[in-house]
Every structure is written in structure tokens, then in C-alpha cells.
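Asks: Turn this into a structure:
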Amino acid sequence: MDYYGTLGPSCGETRILKRMFEAGMTGIRLNLSHGDLEKSAAWMDMLSEAAGACGIKPQILIDLRGPELRIGRLESEVLIPEGSTVILSEDGFKVPEPFLRAAKPGDHVLVDDGKLELLVEEVESGWGIPKKRQFVRTKALRGGILKSEKSLAIVGKEVPMPTLTESDYKNL
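Replies: Down below sits the predicted model:
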């Protein structure tokens, strides 16, 4: 029988990983939802060292990020007051192009698993027009703190996304 642990901050030390192997762990899961394989190199080195010390050749499962809608990287967290206007675009509060294509006036957008709720008021698409800025203007129905890389969803809509993302190809 195989037993897997998840490689992460709570076991990110060689001595802890070694104890996990001694307790019967045979493999490890690496979740790449919030990073890539390059950023996990130090963890993989610790894993190899701990497994080697126990005489184990560990099995490794890698969860690829896969398609998902997320707010892009922000320089810092942003307070979004209820009733304020929030512009979502490829160059402001960054959102993926498929989101920009799918959003329509009247749509409700949930951010960070619904902690924030936005109402789409205007969509400027300009698809196919060179240098035409695409954006979605929303009103915050439920404000809060906007953080980097938090989930994004349009209520009642499935937004078409590629099966594998650019980062998935890189990690593969």
C-alpha cells in the first residue's frame, strides 16, 4: 500500500520529511497551484535528502495548476469599499482574457470564493482592434480586501478555458 504526504510549509524541513518516511510515507504530492516547479526546487532537494537517508525512492505526484480564473499579482492588498467602481482588465486589476470575453453587463462576479461580490456594469471588448483596451467595469456589491491570485467566478457561467495553461506546459 502507498501512503502520500503533501509537500508544503508544515513539512518543509528535511528532518520532518525523514520522520514522515520513517512513519510509512512512500510518496509525496506537490501542489503547483501557487507556484511552479522551479520555485519548489528547495523542497524537492529536502525530499531527496530525507528519502535517501531512509533508503526510499519516493513516488512523486504533481498537481498542475490547470485552468482557473484568478486575479493577477498585485503590489499589495487593496481595500475595495462597498459601492466603489472596480475596473478589471489585462493591465489594471489583471484578469485572464477568457474572463474579459465572457463577462456581460448584469453578471455577478465572485472574488476570493465570494468574499467580494462585483456587479458588471460595462464591458469594453474591442476584440480584434489593435491597441484597443479591453476592460470590465464593475460595482462592488460586497467589498473587502482584494488580494493577489484569488479566485474569480461569474455566477451561473462557465468560462471556457484551455485544458493546460502556459505554466502547466512549463512544469510538464
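
Asks: can we go C-alpha only for contacts and neighbour counts from here?
Replies: Noted.

Asks: Have a look at the protein and report the helix or strand with the lowest mean pLDDT.
Replies: Within the chain, confidence by mean pLDDT, DSSP states H and E is lowest for helix 166-171 among all helices and strands, at a mean of 83.

Asks: List of residues touching it?
Replies: The list of residues contacting helix 166-171 from outside it, by C-alpha atoms under 8 Å, 6 or more residues apart in numbering, reads D36, L37, L64, R65, G66.

Asks: tell me which residues form a beta bridge with Y4?
Replies: Beta-bridge partners for Y4, by DSSP bridges, are G27.

Asks: Extract the residue ranges of the chain that are flagged as low pLDDT.
Replies: Confidence mapping of the chain against pLDDT under 70 gives the ranges 34, 126-133.

Asks: how about the strands in it?
Replies: Taking DSSP state E as the criterion, the chain carries its strands at 4-7, 27-31, 59-63, 78-80, 85-89, 93-94, 108-111, 116-124, 135-142, 144-146, 152-154.

Asks: Export those strands as JSON lines, with columns for distance to R101.
Replies: Listed next are these as JSON lines, based on distance: least, C-alpha to C-alpha, whole Å:
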{"stretch": "strand 4-7", "distance to R101": "36"}
{"stretch": "strand 27-31", "distance to R101": "29"}
{"stretch": "strand 59-63", "distance to R101": "27"}
{"stretch": "strand 78-80", "distance to R101": "23"}
{"stretch": "strand 85-89", "distance to R101": "11"}
{"stretch": "strand 93-94", "distance to R101": "14"}
{"stretch": "strand 108-111", "distance to R101": "14"}
{"stretch": "strand 116-124", "distance to R101": "9"}
{"stretch": "strand 135-142", "distance to R101": "9"}
{"stretch": "strand 144-146", "distance to R101": "22"}
{"stretch": "strand 152-154", "distance to R101": "12"}
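
Asks: can you redo these as CSV with mean neighbour count?
Replies: Conversion of the strands of the chain to CSV gives the following (neighbours: other C-alpha atoms under 10 Å):
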stretch, mean neighbour count
strand 4-7, 18
strand 27-31, 19
strand 59-63, 14
strand 78-80, 14
strand 85-89, 19
strand 93-94, 17
strand 108-111, 22
strand 116-124, 20
strand 135-142, 21
strand 144-146, 16
strand 152-154, 21
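
Asks: which one of those strands lies closest to W43?
Replies: For W43, the closest of the strands of the chain is strand 4-7, at 7.4 Å, according to C-alpha to C-alpha.

Asks: So which other helices or strands are in contact with that closest one?
Replies: For strand 4-7, the contact count by 3 or more C-alpha pairs under 8 Å, 6 or more residues apart in numbering; DSSP states H and E identifies strand 27-31 as packing neighbours.
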